[in-house]
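Participant: Coordinates for the following, if possible.
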Amino acid sequence: MSARPERGFTLLELLVVIAIMAALAAAFPLALNRFVPARRVDAAAHTLVADIRNAQTRSVTLNQPVALEVSEHDYHVASGDARTLRTSTFLQLQSADGTRKLPALRVFPDGSTTGGQFTIRDGERERLITVSALTGRIALVRPK
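Facilitator: This is a model prediction of the structure:
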């Protein structure tokens, strides 16, 4: 008869694994909080780009200019569609050269716009959206 060693884990090994899992579970929300503002800014930027494109389409469809009015925590298209940002997220529209703060972006049926640069900021995270005055082209820029 040969003596077979017992298979399995000791109580000490199980306690060490549980302690490691508890430490990882406690650290996960802290790591997640670093990425939440960046996701908020990205989501707000993508929504704004979609709304600018929607305003361009609406302008062509109605054959009249459409305004996208901007304030610090929200914006709305002249037809009344409003988007409110989180209180920690700030929005600003400046002229293309960055010298003046603008109250609204106007989109015209021929595809042109008044042009400008949107800045969306939440904490240290920031995204820039530039809209060409001549062509209405929209570019989402991630500052370094």
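
Participant: show me what contacts the residue nearest the centre of the chain?
Facilitator: In the chain, the residue lying closest to the centroid (Cα atoms, centre = their mean) is D42, at 2.2 Å. Counting by Cβ atoms under 8 Å, 6 or more residues apart in numbering, D42 touches R127. C-beta coordinates here come from the backbone N, C-alpha and C atoms, glycine included.

Participant: which residues sit against stretch 66-77?
Facilitator: By Cβ under 8 Å, 6+ apart, the list of residues contacting stretch 66-77 from outside reads 48, 51-52, 54-56, 58-59, 78-79, 82-87, 89-93, 102-107, 118.

Participant: what about the worst-scoring helix or strand of the chain on mean pLDDT, distance to the chain center?
Facilitator: Sorting the helices and strands of the chain by mean pLDDT, DSSP states H and E puts strand 82-84 at the bottom, at a mean of 80. Centre-to-centre, strand 82-84 and its host chain are 14 Å apart (Cα atoms, centre = their mean, to the nearest Å).

Participant: That one pairs with which strands?
Facilitator: Paired neighbours of strand 82-84 in the sheet (DSSP bridges): strand 74-77 (antiparallel).

Participant: Pull the CA coordinates from the partner strand and hand them back as CSV.
Facilitator: Extracted in CSV, the C-alpha atoms of strand 74-77 (Å, rounded to 0.1, in the frame of the first residue of the first chain):
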residue,chain,number,x,y,z
ASP,A,74,-25.7,73.3,-21.5
TYR,A,75,-26.5,74.0,-25.1
HIS,A,76,-29.5,73.8,-27.3
VAL,A,77,-30.5,73.9,-30.9
